[in-house]
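1. I'll drop the sequence and a predicted model, then ask my questions.
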Amino acid sequence: MIFAYADLLKVSATAFFAFFGAVVTALLVGISFHEFSHAFAADRLGDPTPRYRGRLTINPLAHLDPLGTILLFIGFFGWGKPVPVNPNLMRNISPKAGMATVAAAGPLSNLIMAGLAGLPIKLDIVPWRTPFNVPSLASWGADDYLGLYLSSIVIFGIILAIFNLIPLAPLDGFRVAVGILPRELSESLARTEQWGLPILFIFLFGIPFLTGWSVNPFWDMMGPVANALIRLLTGVDTSVFG
């Protein structure tokens with residue numbers, strides 16, 4: 001990811017750190033709040049495991065995975081440390097439903113954060129500034145850079161939410177689907193858990209690589225949904241993807 005803004009160093013170091021910093025910060029905040037929300041939901045349901053493991057905090061250092069963080073800096077892909085949960089300790093809810101609730105809390109938190117970040121843009125307090133389009137920065141002021149930061153939180157919050165809701169293991173969407181689907185469908189999906197990660201990598205990297213990056217099933221499916229949510233949360237008539 002750092003290479004995407006390397007040319008900005010020739011124009012302005014301030015611009016480079018503004019764009020790169022906005023994207024990285026938005027991703028780090030999004031991942032940290034995502035994992036904290038898993039821990040918070042489990043704790044509220046009666047499972048003290050995340051609290052005992054020091055995960056009931058918004059401190060990014062408690063949630064960031066070293067390899068996932070490194071990859072976040074060099075590419076638009078990363079992850080946090082999974083939150084340890086024991087569904088058998090949850091009160092007044094079945095283990096399967098408890099896991100579904102905890103899993104759903106992560107993507108939901110990203111959408112809430114995206115909505116809050118998008119509110120000043122929707123109210124025309126700050127402008128919409130996508131991190132994927134670097135304009136002439138000569139006329140930029142403080143409100144433009146704040147708009148860049150908030151726009152980055154909106155975009156990556158939505159991406160994190162949609163991506164994690166894919167019903168493939170080990171993503172949150174898998175646990176949500178297993179928890180809410182009728183019994184037979186739930187059991188059938190649960191049996192695919194060991195194949196979730198290979199299938200995910202095929203869709204993310206395998207098919208795009210084999211087609212010279214002309215076909216990308218994940219972005220083709222996610223793009224229209226992400227664009228619709230961005231318009232809804234910011235009021236801006238734009239298409240970031242596609």
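-> Arrived safely. Everything numeric here is computed off the predicted structure, so don't read it as measured data. Numbering: from 1, shown residues only.

2. Provide a list of residues in contact with the residue nearest the centre of the chain.
-> The residue lying closest to the centre of the chain (CA atoms, centre = their mean) is Leu160, at 1.7 Å. Contact analysis of Leu160 by CB atoms under 8 Å, 6 or more residues apart in numbering lists 27, 30-31, 34, 107, 110. (Each C-beta comes from the backbone N, C-alpha and C, glycine too.)

3. So, low pLDDT: which residues of the protein?
-> 1-4, 75-77 (pLDDT under 70).

4. which residues of it fall in helices?
-> 8-11, 13-44, 49-52, 66-74, 95-122, 142-164, 172-180, 183-190, 196-201, 207-210, 217-234 (DSSP state H).

5. Just give me the neighbour total for the closest residue in space to Ala104 that isn't next to it in sequence.
-> Of all residues not flanking Ala104 in the chain, Val176 sits nearest, at 5.0 Å (CB to CB, 6 or more residues apart in numbering). The number of residues packed near Val176 is 22, by other CB atoms under 10 Å.

6. Next: Ile158.
-> Neighbour tally, Ile158, other CB under 10 Å: 29.

7. Just list the residues touching the nearest residue to Leu148 once chain neighbours are set aside, thanks.
-> Leaving aside its sequence neighbours, Leu148 sits nearest to Arg129 (CB to CB, 6+ apart; 4.0 Å). Contacts for Arg129 were tallied using CB under 8 Å, 6+ apart; they are 144-145, 147-148, 151.

8. One more: Leu197?
-> 168-170.

9. what are the phi and psi values for the residue lying closest to Arg91 once chain neighbours are set aside?
-> Distances taken as CB to CB, 6+ apart place Gly46 nearest to Arg91, at 3.7 Å, with adjacent residues excluded. Here the main-chain torsion angles of Gly46 (degrees, to the nearest 10) amount to phi 110, psi 0.
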